[in-house]
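**Q** Test case, fold it:
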Amino acid sequence: MYDKNEIDISYNYLKKVISKINEPIVIIGGWATYFSVNKNYKKEFNSDYLGSRDVDLGFNDVKSLKETTTILEKEGFNFISFRYLKEIHYDTGKELTKEESITLPGFKIFNMYVDVIISETNDEISKELGFHPVDEPLIKLIFQDTKYRIELIEFDRKLWLPSPFLLLAGKVNSIVNRTMYHKRIKDYCDIIALCLYSEEDINHIIDLSKKYILQENIIKLNQLINNNDLQQVSTILTIDINIIKQILNKIIS
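**A** Numbers count the residues shown, from 1 in each chain. From the prediction side, this is the model:
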């Protein structure tokens, strides 16, 4: 669903970023889904699962988050609101200076974002960081117990991913608040892929995930589901729409 150039750029910067920051490195979001499902997805379709346009990093304390933001700034990422950004030439993959980006049309610029996400925040944390970070309470569990994470070595670095059921819960909790169409469709794709292509039994992963999905979000998801979105997901994943509906019905039931 995303252009290959965008995915390749994001993948290359994922490697660059994790080569610089301290281990263990917690990857969440779209790239976590990719690493969780790609092996089995590729077996079935002989192609890689969808990548992500952004890099999402999880933290459980201010110290490690600040260490990473310092590294990102040294690597030339610019702080924008609560995100870190590099502007990349869409065709060449070259990093752009401010002067270069001004002279290029918008469609020639790819915004490479790195999002730093903490397990919890408050006014004191925001004051220490100098900005109000995005928080995701489920990150705390990844640090508390091995049952909440997958540990792997990728690019010769120690990565921690949320366990598939925790990642699924996070996707359901986020999709109901999406305002951008492409992000909503990507969340749907990730939800279906996690259920079908992670190492977990589909009923097991859904049952476990429900312990961490807010009940109000189950209700919102039920209201959100529509055939147009699901047909788009079916086309992207080449999975029958009826299978997609069955999976979503298991989640909302």
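
**Q** Just give me the residue right at the centre of the chain.
**A** Gly29 (1.5 Å; C-alpha atoms, centre = their mean).

**Q** any idea how far it is from Leu141?
**A** 16 Å (C-beta to C-beta, to the nearest Å). No exception for glycine: its C-beta is placed from N, CA and C like everyone else's.

**Q** mind listing what the residue nearest to the centre of the chain touches?
**A** Ser52, Asp54, Val55, Asp56, Asp115 (C-beta atoms under 8 Å, 6 or more residues apart in numbering).

**Q** Now do the helices in the chain.
**A** Using DSSP state H, the helices found in the chain span residues 4-20, 29-45, 62-74, 98-103, 123-129, 138-144, 164-175, 181-197, 202-209, 215-224, 227-237, 241-252.

**Q** Of all these, which one is nearest His89?
**A** Relative to His89, the nearest member of the helices of the chain by C-beta to C-beta is helix 98-103, separated by 7.8 Å.

**Q** How far away from the center of its chain is that closest one?
**A** Counting by C-alpha atoms, centre = their mean, to the nearest Å, helix 98-103 is centred 29 Å from the centre of its parent chain.

**Q** Show me which positions of it end up buried.
**A** Using 16 or more other C-beta atoms under 10 Å as the test for burial, helix 98-103 gives Ser101.

**Q** Could you list every helix and strand in contact with that helix?
**A** In terms of contacts (3 or more C-beta pairs under 8 Å, 6 or more residues apart in numbering; DSSP states H and E), helix 98-103 is not packed against any helix or strand.

**Q** hmm, who's touching that helix?
**A** Under the criterion C-beta under 8 Å, 6+ apart, residues Glu87, His89, Ile109 lie in contact with helix 98-103.

**Q** what does stretch 201-211 give?
**A** Contacts of stretch 201-211 (C-beta under 8 Å, 6+ apart): 164-166, 168-169, 172, 194-196, 198, 200, 218, 247, 250-251.

**Q** which among these end up buried?
**A** 164-166, 168-169, 172, 194-196, 198, 200, 218, 247, 251.

**Q** Report the contact partners of Tyr11.
**A** Gly51.
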